[in-house]
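J.: One predicted model, sequence on top.
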Amino acid sequence: MKRREFSLSAASAVAASALTLPVATPALAQARQFKEGKDFRRLDKPVAPDAPAGKVDVIEFFWYSCPHCNAFEPALDAWVKAAPKDLSVRRMPVAFNASFVPQQKLYYALEGMGKLEALHAKVFRAIHVEKQKLAKDDEIFAWVAQQGVDATKFKEIYTSFSVSNQVRRASQLQDAYGVEGVPSMGVAGKFYTDGTMAGSMQNVLQVVEHLATVARKG
């Protein structure tokens, strides 16, 4: 699916439609049968998974400025920590238009410096709680320097060929999975789901677990 132009209001509307729906209880989730075409969709063209042998590739597509990605992050983080060991879970920043690219580069530069674990949640907090603008290069450089990070090294990595390649790869995968909104998730290079399809973001995690089981069976 070709990437469509996505404004802040459009992205928020899609995510809001997912997150304002009722959350399923565990009992309901256990009884529910997840259906292809309703709760998730199978990709027309599978994507080569980027996970170690014997592991199931799971991707969360997100955008730092999306309030619903911010709301989902604590639940996702807790789920990742408790997830089966054969799940290889990674986050992937999206770009629905060129204005998203600086935050993609922020993510990958922090990862390249080994600072992602320490600062990922702080980026969300800076944007959504502290109301800081982290949408442009200079804004990002100033914020990173305030976090005690080597600003010169960060800028070097941020503007590097390696980060540009990671941004390009993220956009390719976003297209390959047909990402329609954020937060959303891809599984095993074969399946895509989001809150609108599954009914809630809690359900999304349950769908992901179901799809991982399907993927294990081949």
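T.: In hand now; what should we look at?
J.: Please tell me the pLDDT value assigned to Asp194.
T.: Note on Asp194: pLDDT of 97.
J.: surely it meets Gly178?
T.: No: taking contacts as CB atoms under 8 Å, Asp194 lies outside contact range of Gly178: 10.4 Å. In short, each C-beta sits where N, CA and C put it, glycine included.
J.: neighbour-wise, which of these two wins?
T.: Neighbours per residue, other CB atoms under 10 Å: of Asp194 and Gly178, the larger number sits with Asp194, 25 against 16.
J.: got a list of what Arg91 touches?
T.: 59-60, 62, 107, 120 (CB atoms under 8 Å, 6 or more residues apart in numbering).
J.: so which of these is the most crowded?
T.: That'd be Ile59 among those, by other CB under 10 Å, with 27 neighbours.
J.: Tell me the secondary structure at the nearest residue to that residue once chain neighbours are set aside.
T.: Excluding the flanking residues, the one nearest Ile59 by CB to CB, 6 or more residues apart in numbering is Gly186, at 4.3 Å. Following DSSP: H, G, I helix; E, B strand; the rest coil, Gly186 is assigned to strand.
J.: Look up the pLDDT of Gly186 for me, please.
T.: For Gly186, pLDDT reads 98.
J.: Check the contact between it and Ala170; I expect there is one.
T.: No: under the criterion of CB under 8 Å, Gly186 makes no contact with Ala170, lying 11.7 Å away.
J.: who has more neighbours, the two?
T.: Neighbour totals were compared for Gly186 and Ala170, and Gly186 leads with 29 against 21 (other CB under 10 Å).
J.: For the residue nearest the centre of the chain, give me its contacts.
T.: Closest residue to the average C-alpha location of the chain: Phe61 at 2.5 Å, with CA atoms, centre = their mean. By CB under 8 Å, 6+ apart, the contact list for Phe61 reads 92-94, 174, 177, 179, 182-186.
J.: for the record, mean pLDDT for the helix or strand hosting it?
T.: Using DSSP states H and E, Phe61 falls within strand 56-62. Averaged across strand 56-62, the pLDDT comes to 97.
J.: neighbours of Ala176, just the number please.
T.: 18.
J.: so is it in a helix, a strand, or just coil?
T.: Under three-state DSSP, Ala176 falls in the helix class.
J.: swap in Tyr64?
T.: Put simply, Tyr64 is coil when judged by three-state DSSP.
J.: count of neighbours near it?
T.: 23.
J.: for it, phi and psi?
T.: Dihedral angles of Tyr64 (phi, psi; degrees, to the nearest 10) stand at phi -60, psi -40.
J.: thought it was touching Leu106?
T.: Yes: using CB under 8 Å, Tyr64 is in contact with Leu106, at 7.2 Å.
J.: Give me the common contacts of the two.
T.: With CB under 8 Å, 6+ apart as the test, Tyr64 and Leu106 both reach 123, 134.
J.: Where do the helices of this structure begin and end?
T.: Here the chain has its helices, by DSSP state H, at 8-19, 26-31, 67-82, 101-112, 116-128, 137-146, 151-158, 161-177, 195-198, 201-216.
J.: Now do the same contact list for Ser88.
T.: So Ser88 contacts 51-52, 55-58 (CB under 8 Å, 6+ apart).
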